[in-house]
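In: can't give you the sequence, but here's the structure:
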């Protein structure tokens, strides 16, 4: 198990996930357009780990998710679903 995978698995089993997590709004520029998304800390932390494991900037990963999401899905939901899909696959980067 890679260090990034171990970190995410550890977070998933910690009390952090059982506690209520505050949603934080973040801004990003995607293809020259400024936008924002809101995520709970555990989702944000996993997104950062996924980007690092794929050797992408966080902005590049967010842009990829944005590019492939259905237009009727908001960016925040698409990012959460991306993290969930990655976790279900148990992807080892």
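Out: Now that the structure is in, tell me what you want to look at. Everything numeric here is computed off the predicted structure, so don't read it as measured data. Numbering: from 1, shown residues only.

In: Look up which residues are beta-bridged to residue 30.
Out: residue 33 (DSSP bridges).

In: residues contacting it?
Out: By C-beta atoms under 8 Å, 6 or more residues apart in numbering, the contact list for residue 30 reads 59, 62, 63, 66. To be clear about C-beta, it is placed using only N, CA and C from the backbone, and glycine gets the same treatment.

In: mind listing the strands in the protein by residue range?
Out: Using DSSP state E, the strands of the chain run over 23-30, 33-40.

In: Can you tell me which of the ones you listed is packed in deepest?
Out: Ranked by mean neighbour count, the strands of the chain are led by strand 33-40 with a mean of 14 (mean count of other C-beta atoms under 10 Å).

In: and the angle from that one to strand 23-30?
Out: Counting by axes from the mean of the first three to the mean of the last three C-alpha atoms, to 10 degrees, strand 33-40 lies at 150 degrees to strand 23-30.

In: Just the local confidence number for residue 89, please.
Out: If you check residue 89, the pLDDT there is 89.

In: With residue 82 instead?
Out: 96.

In: Excluding covalently adjacent residues, which one is nearest to it?
Out: Nearest residue to residue 82 in three dimensions, chain neighbours excluded: residue 65, at 4.9 Å (C-beta to C-beta, 6 or more residues apart in numbering).

In: re the thing from before, now, of the contacts of residue 30, which are buried?
Out: Buried subset of the contacts of residue 30 (neighbour count, 16 or more other C-beta atoms under 10 Å): 62, 63, 66.

In: Which ones among the contacts of residue 30 lie within helices?
Out: Of these, the ones assigned to helices by DSSP state H are 59, 62, 63, 66.

In: which parts of the longest helix along the chain are buried?
Out: In terms of residue count, the longest helix belonging to the chain (DSSP H) is helix 75-89. Neighbour-count burial for helix 75-89 flags 75, 76, 78, 79, 80, 82, 83, 86 (criterion: 16+ other C-beta under 10 Å).

In: quick one: the fifth one and residue 44 touch, right?
Out: Okay, so that is residue 80. No - using C-beta atoms under 8 Å, residue 80 is not in contact with residue 44, being 10.0 Å away.
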